[in-house]
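Undergrad: I would like the atomic coordinates for the input below:
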Amino acid sequence: MALPATAKQVTAIKLGTNFREITEIRKVPVPKPQAGQVLVKTKFVGINASDINLTSGRYNLAIKPPFPAGLEGIGPIVAVGEGVTNLKIGQAVAFLQNGSFAEYVIVPADKAVPVPSSDPGLLSIVLSGLTASISLEQDGNLKAGETVLVTAAAGGTGQFAVQIAKLAGCHVIGTCSSPEKADFLKSIGCDRVINYKKESFEEVITKEYSNKLDVVYECVGKEMFDISVKNLAVKGRLIVIGAISGYENADGLDSTEMISKQPIAALCLRKSASIRGFFLLHYVKEFPRHIATLAKQYAEGKIKVNLDKGENVANGPFKGLEKTVDAVEYMFSRKNIGKVIVEV
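TA: Numbers count the residues shown, from 1 in each chain. Presented below is the predicted three-dimensional model:
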């Protein structure tokens, strides 16, 4: 297969959180894989809140523009480097790799995850699914009969957290912002849906789940974090997956408005409760086992994956790297249901 000399890449030309202002599409040489690497022709890329943490330099304080944007993709291998024996040309792989918003991406062979096809549902497993699965196992320590709260439950990673908790035999509460999202959450097993545009999150938690939250899968921050901490059960565990409410702020998680107003130390002490941060790349050794489990559950229909390709959006569908900007903005508008993806 003859490869083109150049291909498109979404490039961050300066640091910042406004994805539209700080990125542009560039033509770059198609790279050749070196020893231990493979070259992947990207079919789909996943959109994540963390994309602007990458472009703002929060993940790497030493990073300097220009650099390629994006964190995850899926597609077939089109070339292999010396010494790569476990992967072949034509094999579909999913990958977590800085610079994934490109038509062709170099991936270390040991970080390319073999998958049956370039099905974007499998792509969503690799970052969103892994985040939910590993964090709920390692930090959540789920037990049947426990009460689990998932914030931003209709998002790319929230949909996995809801279903994994249900499969573990838990009572699951999910937050969302629209009737359509509420219907989706009910369809994947949510026992109690809180549409915070229609009812007060604080009132529902205080009246129905006061001091009864065994596990909180927290992605939002600000008031949702504070109310969740306040209502943890004895020995409750709150897992900080992210804090999307602060990502677009120039100061990010260091912004003063992100500082909790709760006496966290005293609350945790009184309840033997804990707050645990989770960053996926600290758990690489757990990837193969969890990917195998999630892929099997997906194939068997035990876990459903909703993909939002922007078909019902005015500037959709999201097809072509030029649409990554629209897709990122759409995700931060919080109107998506499930994982936002772009077909490259």
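Undergrad: wait, what's in contact with residue 229?
TA: Neighbouring residues of residue 229 by C-beta atoms under 8 Å, 6 or more residues apart in numbering: 216, 238, 260, 262, 264, 267, 273, 275. For the C-beta atoms, the positions are set from N, CA and C on the backbone; glycine is no exception.
Undergrad: Out of the residues you listed, name the ones that lie in strands.
TA: Filtering the contacts of residue 229 for membership in strands, criterion DSSP state E, returns 216, 238, 275.
Undergrad: So what pairs up with the last one in the strands?
TA: In other words, residue 275. Legend: beta-bridge partners of residue 275 under DSSP bridges are residue 238.
Undergrad: Surely it and residue 240 touch.
TA: Yes: using C-beta atoms under 8 Å, residue 275 is in contact with residue 240, at 6.6 Å.
Undergrad: From residue 261, how far out is the nearest residue to residue 68 once chain neighbours are set aside?
TA: Distances taken as C-beta to C-beta, 6 or more residues apart in numbering place residue 99 nearest to residue 68, at 3.3 Å, with adjacent residues excluded. Residue 99 sits 38 Å away from residue 261, taking C-beta to C-beta, to the nearest Å as the criterion.
Undergrad: between the two, who's got more neighbours?
TA: residue 99 (19 against 11; other C-beta atoms under 10 Å).
Undergrad: Centre-most residue in the chain?
TA: The residue lying closest to the centre of the chain (C-alpha atoms, centre = their mean) is residue 128, at 4.0 Å.
Undergrad: wait, is it part of a strand?
TA: No: under the criterion used here (DSSP: H, G, I helix; E, B strand; the rest coil), residue 128 is helix, not part of a strand.
Undergrad: Local confidence estimate at it?
TA: With respect to pLDDT, residue 128 scores 92.
Undergrad: Counting neighbours, what do you get for residue 196?
TA: Neighbour count for residue 196, taken as other C-beta under 10 Å: 16.
Undergrad: wait, what's in contact with it?
TA: Residue 196 sits next to 175, 176, 177 when contact means C-beta under 8 Å, 6+ apart.
Undergrad: and what of residue 184?
TA: 154, 159, 176, 306, 337, 338.
Undergrad: distance of it from residue 154?
TA: To residue 154, residue 184 is 5 Å away according to C-beta to C-beta.
Undergrad: who touches both of the two?
TA: Common neighbours of residue 184 and residue 154, using C-beta under 8 Å, 6+ apart, are 176, 337, 338.
Undergrad: Would you show me how to pick out the buried ones of those in PyMOL?
TA: In PyMOL, this line selects whichever of the shared contacts of residue 184 and residue 154 come out buried by 16 or more other C-beta atoms under 10 Å:
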select buried, resi 176+337+338
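Undergrad: What residues sit buried inside whichever strand or helix holds residue 223?
TA: Assigned by DSSP states H and E, residue 223 belongs to helix 222-230. Going by neighbour count (16+ other C-beta under 10 Å), the buried part of helix 222-230 is 222, 224, 225, 226, 227, 228, 229, 230.
Undergrad: Mind putting those into a markdown table with pLDDT and distance to residue 297?
TA: Output for the buried residues of helix 222-230, formatted as a markdown table (pLDDT from 0 to 100; distance: C-beta to C-beta, whole Å):
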| residue | pLDDT | distance to residue 297 |
| --- | --- | --- |
| 222 | 86 | 33 |
| 224 | 91 | 28 |
| 225 | 93 | 29 |
| 226 | 93 | 33 |
| 227 | 95 | 31 |
| 228 | 96 | 27 |
| 229 | 95 | 31 |
| 230 | 95 | 34 |
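Undergrad: Show me which of those residues is closest to residue 171.
TA: When the buried residues of helix 222-230 are ranked by distance to residue 171 (C-beta to C-beta), residue 228 comes first, at 15.3 Å.
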